[in-house]
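# quick check, what structure comes out for this input:
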Amino acid sequence: QVQLVESGGGLVQAGDSLRLSCAYSGRNFFATNMGWLRQAPGKEREIVAASSWGGLHAYYADSVKGRFAISRDGAQTIVSLQMNNLKPEDTAVYYCAATANSRWPPVTFEYSGQGTQVTVSS
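Purely as a prediction, here's the structure:
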C-alpha cells in the first residue's frame, strides 16, 4: 500500500513563502518521479512541479518558474515544495503525487495524497 501524506499548507498574504512537504511510504512501488499538483476551484488539476529520482531533473509549470523549487531528500521518500513570492492565483489544494513511470516530464501519477489547502490573500 502506498501512502503520501502532505503537510505545510495554510493561509498567507501575497508575497509570503510557504514550504510543503510530503512523506511517501509503500512497498512494491518505486517512486521514480514525484511531483506536486494543484487544483483551484472550478479549474482542472495541473502539474506544478516534478522531480526525477535523485533530483536529476526538475519540471515547473510556467506560472511558477522562478518562484517555486522542488526537492527530494537523500532517501527519496520526502518531496518538498518551497513556494516563494506567493500570489492570490496560487490559491488551490496542493497534492503530492508519485509515479513509477520514468517518462519525463511526467504527465500522470499513479498515486496522490489527500491534499493540503494553500490560500493566498491579496
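
# drop to CA atoms for contacts and neighbour counts, all remaining ones
Noted.

# the most centrally placed residue in the chain and Ser122, how far apart?
In the chain, the residue lying closest to the centroid (Cα atoms, centre = their mean) is Trp36, at 1.9 Å. Distance, Trp36 to Ser122, by Cα to Cα, to the nearest Å: 23 Å.

# ditto for Gly74
36 Å.

# rewinding a little: partners of the host helix or strand of the residue nearest to the centre of the chain, with directions?
Taking DSSP states H and E as the definition, one finds Trp36 inside strand 33-39. Strand 33-39 has the following sheet partners, assigned by DSSP bridges: strand 46-51 (antiparallel), strand 92-99 (antiparallel).

# ranking the ones you listed by burial, who's on top?
strand 92-99 (a mean of 25; mean count of other Cα atoms under 10 Å).

# tell me the mean pLDDT for that strand?
The pLDDT scores in strand 92-99 average 97.

# returning to that earlier point: could I get the strands paired with strand 33-39 as CSV with distance to Val107?
Output for the strands paired with strand 33-39, formatted as CSV (distance: least, Cα to Cα, whole Å):
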stretch, distance to Val107
strand 46-51, 8
strand 92-99, 9
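
# mind checking which of those is nearest Phe109?
strand 92-99 (4.6 Å; Cα to Cα).

# ok, residues contacting the next helix or strand after that closest one?
With elements assigned by DSSP H and E, the helix or strand that comes after strand 92-99 is strand 111-112. Strand 111-112 has contacts (Cα atoms under 8 Å, 6 or more residues apart in numbering) with 2, 4, 95-99.

# mind running it again at 10 Å?
Residues external to strand 111-112 that are found in contact with it (Cα atoms under 10 Å, 6 or more residues apart in numbering): 2-6, 24, 31, 34-37, 95-100.

# partner strands of the helix or strand just after it and their direction?
Sequence order places strand 116-121 as the next helix or strand after strand 111-112, per DSSP H and E. The strands that strand 116-121 pairs with in its sheet are strand 10-13 (parallel), strand 92-99 (antiparallel) (by DSSP bridges).

# perfect, I'm done here.
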